[in-house]
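S.K.: I would like the atomic coordinates for the input below:
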Amino acid sequence: MSQDILPSGYDAFLHDVKTRVQQAQLQALVAVNKELILLYWHIGRGILERQKVQGWGAKVIDHLAHDLRLAFPHMQGLSPRNLKYMRAFAEAYPEEDLIVQRCVAQIPWRHNIALLEKVKDTTERFWYIQKTIEYGWTRDVLVHQIELK
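M.R.: Sure thing, here's the model as predicted:
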């Protein structure tokens, strides 16, 4: 379509629509990430509770991972290693409110894993989460910032 026959205000409208689409896409990604982080926390909490109360051993995690991969063959993140990270995540953040209120659910899972592995102090972890959100740090930048400390 030629610019000559476009109605007045078309370019501004197109720009507005593009901006709204991009904002909606970003909001959808943030919402999906939040739900995934909360799912991982609930799985981790369930494992942690059963290990404490019922004495489940580490082998149960391997079996659970196998059964979950059979049930959800196209879903990634259900390996024994990741289930152990979920357990550690639930142990590090014992209350679900901490995850939502302290912005833990706003950063990707791999960022959270890096923080669990490299930063033991919860207050310091929250500081890195805030800076990751504020500056849009990739996982590699986050790790680099932690290692500079």
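S.K.: the longest helix in this protein is where?
M.R.: Longest helix in the chain by number of residues, with DSSP state H as the criterion: helix 10-53.
S.K.: Which neighbouring elements make contact with it?
M.R.: Packing contacts for helix 10-53, counted by 3 or more Cβ pairs under 8 Å, 6 or more residues apart in numbering; DSSP states H and E, involve helix 58-71, helix 80-92, helix 96-101, helix 109-118. Quick note: C-beta positions are derived from backbone N, CA and C, even for glycine.
S.K.: Domains of this protein: list them as residue ranges, please.
M.R.: 9-94, 107-149 (automatic domain parsing).
S.K.: Where does the prediction get shaky in the protein?
M.R.: By pLDDT under 70, the weakly predicted segments of the chain are 1-3.
S.K.: if we go to 80?
M.R.: Residue ranges of the chain with pLDDT under 80: 1-4.
S.K.: From the chain's centroid, how far away is the helix or strand where residue 125 lies?
M.R.: In the assignment (DSSP states H and E), residue 125 maps to helix 122-135. How far helix 122-135 lies from its chain's middle: 14 Å, per Cα atoms, centre = their mean, to the nearest Å.
S.K.: in the helix or strand just after it, what's buried?
M.R.: Counting by DSSP H and E, the element after helix 122-135 in chain order, helix or strand, is helix 139-148. For helix 139-148, burial by neighbour count (16 or more other Cβ atoms under 10 Å) applies to 139, 142, 143, 146.
S.K.: Residue 68 reaches residue 78, doesn't it?
M.R.: Yes: if you go by Cβ atoms under 8 Å, residue 68 and residue 78 touch, sitting 4.3 Å apart.
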